[in-house]
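[1] Next input, structure requested:
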Amino acid sequence: TVERIRAIAAKHGYQPNFQARQLRMQSQEALPPVQTKVAELGYALKVPNTQASMPIHLPIINGVEEEATRLGYRVSFRQYLTNLEGEYYVDEVCAYLEQGNGLIIIGTPEGKERTILAQYRKNLVVAYGDLWQEEVDSIEEDDVTGNRELVDYLVAKGHQRIALIGGFENDHRWRSLLAALGEHGITPPDQYIRQCEYLYDRAYQAAKEMVELPTPPTAVCASSDIMAAAAIKALKDAGVRVPEDMAVTGFGDISIARSMDPPLTTVRMELTLMGQIAVRLLQERLLNLRDKPVYVKTPAKLVVRSSA
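    Okay, here's the model as predicted:
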């Protein structure tokens, strides 16, 4: 048990991040081996599975289901926090938490729903969401390191005119990419920045607009692999060769990334590991092994293929 989770962590290089609060996770030695469950657990997705979210959700869910089963917990609750229109319904989630069960939220609730759910902070873990570590256990990818590796690679290949597609100013992945560019003295002009939702159609249109610029970029960094696929399609439709005329990169390394044409250079997120760690953090809370929230970063590493 302890050895297995350590082996998983060591293999993928995940590191807890405690700088914000100088916290240390409870030693894994304190976690007993598989034992009688003290509660049930479940997960809630912030948004329903869509074209953009499903490739991210499924590996995390697989990690949750596998680790929960291995530790003897029954996954008894699977729910969405919002509908496709973004309207929240948290009553069922709160009722489940009030029974003393544990819940892993995939994504970050906002507004009053966040405040409501924070009341159950001892039974919550947030995976793959913006930082929430002031209130509950939180896990996210190390996008700072991943984007730095990506930009270092592009600059080493001679790229200076680098464009960005996807995300918004309050998106930590977007901010870390801009920061990585800034470390090389690169500030993309406004025409190289296309802020938009993580959707295929939006990325296709954004890439199409890039091609039509008087001085197009030589590389496009998309905020997700789905968006990168859309960018490649738009460039091909416009007669632009990838990567000879314009390089394209993604973020995530979802299952289709390696089979794209050309195969996608991207940043890999260890999403299954994220789900596994979420269960272990939740177990610590359910067994009252600690009372302070922790913040864990899972690795994000550059994967070089043919698109850049």
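[2] C-alpha from now on. contacts and neighbour counts both.
    Noted.
[3] Can you verify residue 125 is assigned to a helix?
    No - residue assignment for residue 125, taken from DSSP: H, G, I helix; E, B strand; the rest coil, gives strand, which places it outside any helix.
[4] tell me the contacts of it?
    In this structure, residue 125 makes contact with 103-105, 136-139, 278, 281-282, judged by Cα atoms under 8 Å, 6 or more residues apart in numbering.
[5] can you pull up the bridge partners for it?
    Residue 125 forms beta bridges with residue 104, residue 137, as assigned by DSSP bridges.
[6] What is the neighbour count of residue 91?
    Counted with other Cα atoms under 10 Å, the neighbours of residue 91 add up to 11.
[7] what do you get for residue 151?
    The number of residues near residue 151, taken as other Cα under 10 Å, comes to 24.
[8] That one touches residue 181, doesn't it?
    Yes - counting by Cα atoms under 8 Å, residue 181 is a contact partner of residue 151 at 6.3 Å.
[9] which stretches of the stretch 51-200 of the chain form strands?
    In the stretch 51-200 of the chain, the segments counted as strands under DSSP state E, counting those that start in this stretch are 75-80, 102-106, 124-127, 137-141, 162-165, 193-194.
[10] just how off-centre is the fifth one within its chain?
    If you compare the mean C-alpha spot of strand 162-165 with that of the full chain, they lie 19 Å apart, counting by Cα atoms, centre = their mean, to the nearest Å.
[11] Over to stretch 110-129?
    If you compare the mean C-alpha spot of stretch 110-129 with that of the full chain, they lie 17 Å apart, counting by Cα atoms, centre = their mean.
[12] so residue 268 sits in a strand?
    Yes - note on residue 268: a strand contains this position according to three-state DSSP.
[13] Distance of it relative to residue 141?
    Taking Cα to Cα, to the nearest Å as the measure, residue 268 and residue 141 are separated by 9 Å.
[14] got any residues that touch both of these two?
    When contacts are counted by Cα under 8 Å, 6+ apart, residue 268 and residue 141 have residue 300 as shared neighbours.
[15] okay, those two: which has more neighbours?
    residue 141 (25 against 21).
[16] Specify the beta-bridge partners of that one.
    The partner list for residue 141 in beta bridges (DSSP bridges) reads residue 298.
[17] about what we covered before: which pair of the contacts of residue 125 spans the longest distance?
    Between all members of these, the longest pairwise span (Cα to Cα) is found for 103 and 139 and amounts to 13.6 Å.
[18] residues making contact with stretch 97-115?
    Outside of stretch 97-115, the residues that reach it under the criterion Cα under 8 Å, 6+ apart are 39-47, 57, 81, 88, 90, 120, 123-130, 132, 278-279, 282, 286.
[19] Mind giving me the PyMOL command for buried ones among the residues you listed?
    Selecting only the buried members of the contacts of stretch 97-115 in PyMOL, with burial defined as 16 or more other Cα atoms under 10 Å, works like this:
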select buried, resi 40+41+42+43+44+45+46+47+57+81+88+90+120+123+124+125+126+127+128+129+130+132+278+279+282+286
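[20] pretty sure residue 263 is touching residue 304, no?
    No - between residue 263 and residue 304 there is no contact under Cα under 8 Å: 9.0 Å.
[21] before we move on, back to that, confidence-wise, which of the contacts of residue 125 comes last?
    Comparing pLDDT over the contacts of residue 125, residue 136 scores lowest. The value there is 85.
[22] need the contact list for residue 55.
    254-255.
[23] most remote residue from this protein's center?
    Distance from the C-alpha centroid of the chain, by Cα atoms, centre = their mean, peaks at residue 214 (34.3 Å).
[24] Tell me how far that one lies from residue 181.
    The spacing between residue 214 and residue 181, counted by Cα to Cα, is 22 Å.
[25] what do you get for residue 308?
    16 Å.
[26] And for residue 283?
    Between residue 283 and residue 181 the distance, using Cα to Cα, works out to 39 Å.
[27] same question, residue 83
    Distance of residue 83 to residue 181, computed by Cα to Cα: 36 Å.
[28] Pick out whichever of those two has more residues nearby.
    Just comparing residue 83 and residue 181: by other Cα under 10 Å the higher neighbour count belongs to residue 181, 22 against 13.
[29] Tell me which residues touch that one, please.
    By Cα under 8 Å, 6+ apart, the residues touching residue 181 are 148, 151, 187.
[30] Return the residues in contact with the first one.
    Right, residue 148. With Cα under 8 Å, 6+ apart, residue 148 has these contacts: 176-177, 180-181.
[31] Look at residue 211 and say how many residues are nearby.
    For residue 211, the number of neighbouring residues by other Cα under 10 Å comes to 18.
[32] shouldn't it be in contact with residue 232?
    No - between residue 211 and residue 232 there is no contact under Cα under 8 Å: 11.3 Å.
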